[in-house]
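Asks: Next one to model:
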Amino acid sequence: MNEGMMAINRLRNVLLKDKLDMSEGFMRALKNDVARVLSYYMCLSGSGIEVFIDGSDNGYTIRIKADANDIRQIKAV
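Replies: Numbering: from 1, shown residues only. So this is what the prediction gives:
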């Protein structure tokens, strides 16, 4: 990705955060909660969780990107 596209993406993210009125603390808490839930079911790798939120008048689209090394075996009741 070239520097121009990176700058456009950064600006888009800043404008979206302003529009959605989300603080850094909110995003940090959301990422931590998502990571905690996913770690119950998968062995997450150390690359972290990425959360993308796109908003419009009709609602939100939420995309989560995470890398996992394995899926945990869970005993069903």
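
Asks: where exactly do the strands run in the chain?
Replies: Listed in chain order, the strands found in the chain under DSSP state E are 42-56, 59-71.

Asks: Export those strands as CSV, with columns for distance to residue 26, mean neighbour count and mean pLDDT.
Replies: (Glycine included, C-beta is placed from N, CA and C.) Putting the strands of the chain into CSV (distance: least, Cβ to Cβ, whole Å; neighbours: other Cβ atoms under 10 Å; pLDDT from 0 to 100) gives the following:
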stretch, distance to residue 26, mean neighbour count, mean pLDDT
strand 42-56, 10, 13, 84
strand 59-71, 13, 11, 91
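
Asks: Could you export those strands to CSV, including columns for distance to residue 27?
Replies: Listed next are the strands of the chain as CSV, based on distance: least, Cβ to Cβ, whole Å:
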stretch, distance to residue 27
strand 42-56, 7
strand 59-71, 12
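
Asks: Can you say which of these is nearest to residue 24?
Replies: Minimum separation from residue 24 across those (Cβ to Cβ) falls at strand 42-56, 12.3 Å.

Asks: What helices and strands are in contact with the closest one?
Replies: For strand 42-56, the elements it packs on are helix 3-20, helix 24-41, strand 59-71, judged by 3 or more Cβ pairs under 8 Å, 6 or more residues apart in numbering; DSSP states H and E.

Asks: So which of the ones you listed is nearest residue 50?
Replies: Closest approach to residue 50 among these is made by strand 59-71 (4.2 Å; Cβ to Cβ).

Asks: what's in contact with that closest one?
Replies: With Cβ atoms under 8 Å, 6 or more residues apart in numbering as the test, strand 59-71 has contacts from 20, 34-35, 38, 41-45, 47-55.

Asks: closest one to residue 77 among the helices and strands packed on strand 42-56?
Replies: helix 24-41 (14.8 Å).

Asks: can you name the farthest residue from the center of this structure?
Replies: Most distant from the centre of the chain: residue 77, at 30.6 Å, with distances by Cα atoms, centre = their mean.
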